[in-house]
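Engineer: All I have is the shape, not the residue letters:
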């Protein structure tokens, strides 16, 4: 039943998309985003450097909490019932930036004269996704073909470097030629004065004398995970001079209501990249965060008590935890000893700083500039 509804929706979308392709292209940049944080720097750069460029925003209101901050001429929360308007925007906008899977692409071939850019929401992966995920292996062949059509219509796929391009090729069934090693826009502000204000604000709230910051940031799970148990285990570190910041995925945040001194469940008022500015140790699991936090040299450990389950849904890459040079364990005592070892932390810090030179082809801090130059100034 659900698949029939999807097919009817896509049929209607395709009809209107083809009709609107008969209209002239407009000098409009359309941002069609789920999360938005890796795309917004492009929006902000266009706002100041190309003020005549119209910017339209289609967004997921579950994750983009402040669309007004984009200062877009037009902002539309994504809803399938708005498919006529969505088809019009997709067909007539000259530039289009996305950060996730857009099912409508399966019936919307790239129009001549337009440019599509995929600014994926992760700078690397430890989990299987796309065509490699366990879910994709179970869908009918016609659905799999639809997935592939979407990927083939992403256009240019922006990645931090050659290694990431190779990692993303198979899950999307894409050739190396579509990947552009221009960097990760949302990390740019770490390398300019913009971050100092945010860092001071967070330091004033959380940084205390003789205490260090541990950031626990588990990834999304399609099942009830062990985040609550892990938080309770981490609480004992508060007696050893650690302040625990817990940055949960939005879908599991409502599960937690308790508080303890020096344990803080942080909100979306600040992004995880903001919290990383004051982090002394990062604890995560199958998340892509370390592919970015390596730019700050943050010591990192992967704590995976549910690894056997996660291997099944959605699956983790065969080389896990490679390519990341990190400690991985499903034993809390091992992680605890690692966190309390200054030698281990220093070794991890050095390993992450070395890893960033491998993962990032271009000098970090100028990704937004390179992307804007490439697509609007035609520098490359």
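Structural biologist: Alright, I've got the coordinates. Source: prediction; values computed, not measured.

Engineer: what's the distance between residue 280 and residue 167?
Structural biologist: For residue 280, the distance to residue 167 (C-beta to C-beta, to the nearest Å) stands at 28 Å. All C-beta atoms are positioned from the backbone trio N, CA, C, and that covers glycine.

Engineer: er, residue 26 actually
Structural biologist: Distance, residue 26 to residue 167, by C-beta to C-beta: 36 Å.

Engineer: Between the two, tell me which one has more neighbours.
Structural biologist: Relative neighbour count places residue 167 above the other of residue 26 and residue 167, with 19 against 14, counting by other C-beta atoms under 10 Å.

Engineer: Could you list which residues are in contact with the more buried one?
Structural biologist: Residue 167 sits next to 124, 125, 317, 323 when contact means C-beta atoms under 8 Å, 6 or more residues apart in numbering.

Engineer: swap the cut-off to 10 Å and go again
Structural biologist: 124, 125, 126, 159, 161, 291, 317, 319, 323, 359 (C-beta atoms under 10 Å, 6 or more residues apart in numbering).

Engineer: Equivalent analysis for residue 95, please.
Structural biologist: Residue 95 is in contact with 25, 27-31, 42, 46, 53, 55, 114-117, 155, 375-376, counting by C-beta under 10 Å, 6+ apart.

Engineer: Which element, helix or strand, includes it?
Structural biologist: Following DSSP states H and E, one finds residue 95 within strand 93-98.

Engineer: contacting residues around stretch 15-25?
Structural biologist: In contact with stretch 15-25 (C-beta under 10 Å, 6+ apart) are residues 10, 83-95, 104, 107-109, 111-114.

Engineer: Please tell me I have it right and residue 13 contacts residue 81.
Structural biologist: No. Between residue 13 and residue 81 there is no contact under C-beta atoms under 10 Å: 11.5 Å.

Engineer: and residue 28, what element?
Structural biologist: For residue 28, the host element (DSSP H and E) is strand 26-33.

Engineer: Can you point out the buried residues in that strand?
Structural biologist: Within strand 26-33, the residues that qualify as buried are 28, 29, 30, 31, 32, 33, counting by 16 or more other C-beta atoms under 10 Å.

Engineer: Can you add distance to residue 345 and pLDDT and give these back as a markdown table?
Structural biologist: A markdown table is the format used below for the buried residues of strand 26-33 (distance: C-beta to C-beta, whole Å; pLDDT from 0 to 100):
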| residue | distance to residue 345 | pLDDT |
| --- | --- | --- |
| 28 | 48 | 97 |
| 29 | 43 | 98 |
| 30 | 44 | 98 |
| 31 | 39 | 98 |
| 32 | 41 | 98 |
| 33 | 35 | 98 |
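
Engineer: Taking those residues, tell me the two that lie furthest apart.
Structural biologist: With C-beta to C-beta as the measure, no two of the buried residues of strand 26-33 lie farther apart than 28 and 33, at 15.3 Å.

Engineer: For this protein, just list every one of the strands.
Structural biologist: Assigned by DSSP state E, the strands in the chain fall at 26-33, 54-59, 74-77, 93-98, 115-118, 156-158, 179-180, 212-216, 242-246, 263-265, 281-284, 300-303, 327-329.

Engineer: And the buried ones among the contacts of stretch 15-25, selectable in ChimeraX?
Structural biologist: Remark: buried members of these, expressed as a ChimeraX selection using 16+ other C-beta under 10 Å:
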select :10,83,86,87,88,89,90,91,92,93,94,95,104,107,108,111,114
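
Engineer: gap between the residue nearest the centre of the chain and residue 169?
Structural biologist: The residue lying closest to the centre of the chain (C-alpha atoms, centre = their mean) is residue 121, at 2.5 Å. For residue 121, the distance to residue 169 equals 18 Å [C-beta to C-beta].

Engineer: now swap in residue 306 and tell me
Structural biologist: Look at residue 306 and residue 169: by C-beta to C-beta, they are 28 Å apart.

Engineer: and the two? which has more neighbours close in?
Structural biologist: It is residue 306, of residue 306 and residue 169, that has more neighbours when counted by other C-beta under 10 Å, with 20 against 15.

Engineer: rewinding a little: pull up the pairing partners for the strand holding residue 95, direction included.
Structural biologist: Paired neighbours of strand 93-98 in the sheet (DSSP bridges): strand 26-33 (parallel), strand 115-118 (parallel).

Engineer: Out of those strands, which is closest to residue 210?
Structural biologist: Closest of the strands paired with strand 93-98 to residue 210 is strand 26-33, at 41.4 Å (criterion: C-beta to C-beta).

Engineer: Residue 13 and residue 81: which has the busier surroundings?
Structural biologist: A count of neighbours by other C-beta under 10 Å puts residue 13 above the other of residue 13 and residue 81, at 21 against 8.

Engineer: Please tell me how far residue 277 sits from residue 354.
Structural biologist: Look at residue 277 and residue 354: by C-beta to C-beta, they are 21 Å apart.

Engineer: Likewise for residue 193?
Structural biologist: Distance from residue 193 to residue 354, by C-beta to C-beta: 26 Å.

Engineer: Counting neighbours, go ahead and name the busier of those two.
Structural biologist: Relative neighbour count places residue 354 above the other of residue 193 and residue 354, with 12 against 7, counting by other C-beta under 10 Å.

Engineer: Tell me how many other residues crowd the spatially closest residue to residue 174 that is not a sequence neighbour.
Structural biologist: Excluding the flanking residues, the one nearest residue 174 by C-beta to C-beta, 6 or more residues apart in numbering is residue 151, at 6.0 Å. If you count neighbours by other C-beta under 10 Å, residue 151 ends up with 20.

Engineer: Please name the residues that touch residue 151.
Structural biologist: Per C-beta under 10 Å, 6+ apart, neighbours of residue 151: 101, 105-106, 118, 130-131, 157, 168, 171-174, 178.
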